[in-house]
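# pasting the sequence and the predicted coordinates here, then a few questions.
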Amino acid sequence: MPVEHHLQIVLVEPEIPPNTGAIARLCAATRTVLHLVEPLGFKLDDRALKRAGMDYWQHVTWHSWPNWTALRSTHPDARFHFLTTKTTRPYTEAHFQLDDFLVFGRETKGLPESLLQENAGACLTIPMANPKVRSLNLATAAAIVLFEALRQTQANSEG
């Protein structure tokens, strides 16, 4: 029987509907909870959003939050990992646990600077071999980190 995972992906102020749709599909496939923190750069009924998520939205557990404070205050004891290009600590050094929140920022600007400063010890990055490439597509980055977290939590839950 497969282990049901309870990891969480947070998108803070996502701007591009196809990225959010692709991440929703990723969440559906992995039974990961998706959190969308407003303001969003699109309407939740946006055709591009639905098209990118295809017919998987019905299989996604997701929540919309009016702001970061509302999400954080609802989960006061949760562990949050903040993904950014503005740190040197690779995501592979993190020790993920069930119910961890993986937090990603806007496609154009990333996470707010104040959020990164407040959580400097919990910031992670995906190392880039080519310094001319500043970042990956949001959906690609979410998949990379999520699957490492799934690998770790599955190994921890089986042993």
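It's in.
# just the pLDDT for residue 85.
Model confidence at residue 85, given as pLDDT, is 95.
# these two touch, right, it and residue 135?
Yes. Counting by C-beta atoms under 8 Å, residue 85 does reach residue 135; the two are 5.2 Å apart. For every residue, glycine as well, the C-beta is placed using N, CA and C.
# hang on, residue 142 in a helix?
Yes. Under DSSP: H, G, I helix; E, B strand; the rest coil, residue 142 falls within a helix.
# name the helix or strand for the residue nearest to it when sequence neighbours are not counted, please.
The shortest distance from residue 142 to any non-neighbouring residue, by C-beta to C-beta, 6 or more residues apart in numbering, is to residue 23 (5.1 Å). Here residue 23, judged by DSSP states H and E, is contained in helix 17-30.
# mind listing what's buried in stretch 72-84?
Buried positions in stretch 72-84, judged by neighbour count with 16 or more other C-beta atoms under 10 Å: 72, 80, 81, 82, 83, 84.
# ditto for stretch 107-126
107, 110, 111, 115, 116, 122, 123, 124, 125, 126.
# from those, which two are the most distant?
Distances among these were taken as C-beta to C-beta; the most separated pair is 107 and 122, at 21.1 Å.
# so where's the protein shaky on pLDDT?
Scanning the chain for pLDDT under 70 picks out 1-5, 46, 48-54, 155-159.
# residues near the residue nearest to residue 66 when sequence neighbours are not counted, how many?
Leaving aside its sequence neighbours, residue 66 sits nearest to residue 38 (C-beta to C-beta, 6+ apart; 5.4 Å). Counted by other C-beta atoms under 10 Å, the residues lying close to residue 38 total 16.
# pretty sure residue 38 is touching residue 65, no?
Yes. With contact defined as C-beta under 8 Å, residue 38 and residue 65 form a contacting pair (6.5 Å).
# how far away is residue 93 from residue 147?
Plainly put, residue 93 is 16 Å away from residue 147 if you go by C-beta to C-beta, to the nearest Å.
# ok, these two, which is more surrounded?
Counted by other C-beta under 10 Å, residue 93 and residue 147 do not tie: residue 147 has more neighbours, with 12 against 8.
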